[in-house]
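Trainee: Sequence first, predicted model second:
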Amino acid sequence: MTDTAQTKGRKRSIWMPLLVLITLAACATAGYSFWRMQEHPAAPKAAQPAPPPAPVFFALDTFTVNLGDADRVLYIGVTLRLKDDATRQRLSEFLPEVRSRLLLLFSRQDATALATDEGKQKLVEAIKTTLAPPLVAGQPQQVISNVLFTAFILR
């Protein structure tokens, strides 16, 4: 045998085990990947929570009121955040009653108390409790989530 025949035989004998080894490695990698995907399936996307309902606001015209001490004036703009549209409809239907209740409430306020943040927070709570009772007998109470001041001038 010649030297070239011996080298070709050796090259073939090296390539064959090398190809088998590469094939086995590729099969093992593919099998492992398949097993991992079956063991831990991709977590389904969690159902997105429904977006919160759009807020219901009811803006009232600004009030100008003489406070308990006659030389002080309160100019206040109020927007109510309500539970639902039915409450907004009721307040709209009985707007003169709503404005009357608020005017009486504002006229009883003290200027020194309203000058502080605590006084303003107490006024928010007072507005909620003043408007909560039914406007007419047989109606449900008004649920007012929040009271927002859109204007607040104390002179």
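Mentor: That came through fine.
Trainee: what about the strands in this structure?
Mentor: Residue ranges of the strands in the chain, as given by DSSP state E, are 56-59, 63-66, 73-82, 144-154.
Trainee: in the first one, what's buried?
Mentor: This points to strand 56-59. Within strand 56-59, the residues that qualify as buried by neighbour count (16 or more other CB atoms under 10 Å) are 56, 58. (Each C-beta comes from the backbone N, C-alpha and C, glycine too.)
Trainee: So in that sheet, which strands flank that strand, and in what orientation?
Mentor: Strand 56-59 sits in its sheet next to strand 73-82 (antiparallel), going by DSSP bridges.
Trainee: Now do the partner strand: distance to the chain's middle.
Mentor: Between the centre of strand 73-82 and the centre of its chain there are 24 Å (CA atoms, centre = their mean, to the nearest Å).
Trainee: Let me see the domain layout of the protein.
Mentor: 1-49, 56-154 (automatic domain parsing).
Trainee: centroid residue for this structure?
Mentor: Central residue of the chain (CA atoms, centre = their mean): residue 52, 6.6 Å from the mean position.
Trainee: between the domains of the chain, which has the poorest average model confidence?
Mentor: Between these, the lowest average pLDDT goes to domain 1-49, which shows a mean of 74.
Trainee: quick revisit: and the pLDDT at the residue nearest to the centre of the chain?
Mentor: Predicted confidence (pLDDT) for residue 52: 84.
Trainee: ok, so what distance separates it from residue 145?
Mentor: Distance, residue 52 to residue 145, using CB to CB, to the nearest Å: 12 Å.
Trainee: Mind jotting down where the helices sit in this protein?
Mentor: 3-39, 85-93, 95-107, 111-114, 117-131 (DSSP state H).
Trainee: Can you lay out the ones you listed as TSV showing mean neighbour count?
Mentor: Output for the helices of the chain, formatted as TSV (neighbours: other CB atoms under 10 Å):
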stretch	mean neighbour count
helix 3-39	10
helix 85-93	15
helix 95-107	15
helix 111-114	15
helix 117-131	15
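Trainee: could I get those helices as JSON lines with distance to residue 155?
Mentor: Formatted as JSON lines, the helices of the chain follow (distance: least, CB to CB, whole Å):
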{"stretch": "helix 3-39", "distance to residue 155": "73"}
{"stretch": "helix 85-93", "distance to residue 155": "28"}
{"stretch": "helix 95-107", "distance to residue 155": "14"}
{"stretch": "helix 111-114", "distance to residue 155": "9"}
{"stretch": "helix 117-131", "distance to residue 155": "16"}
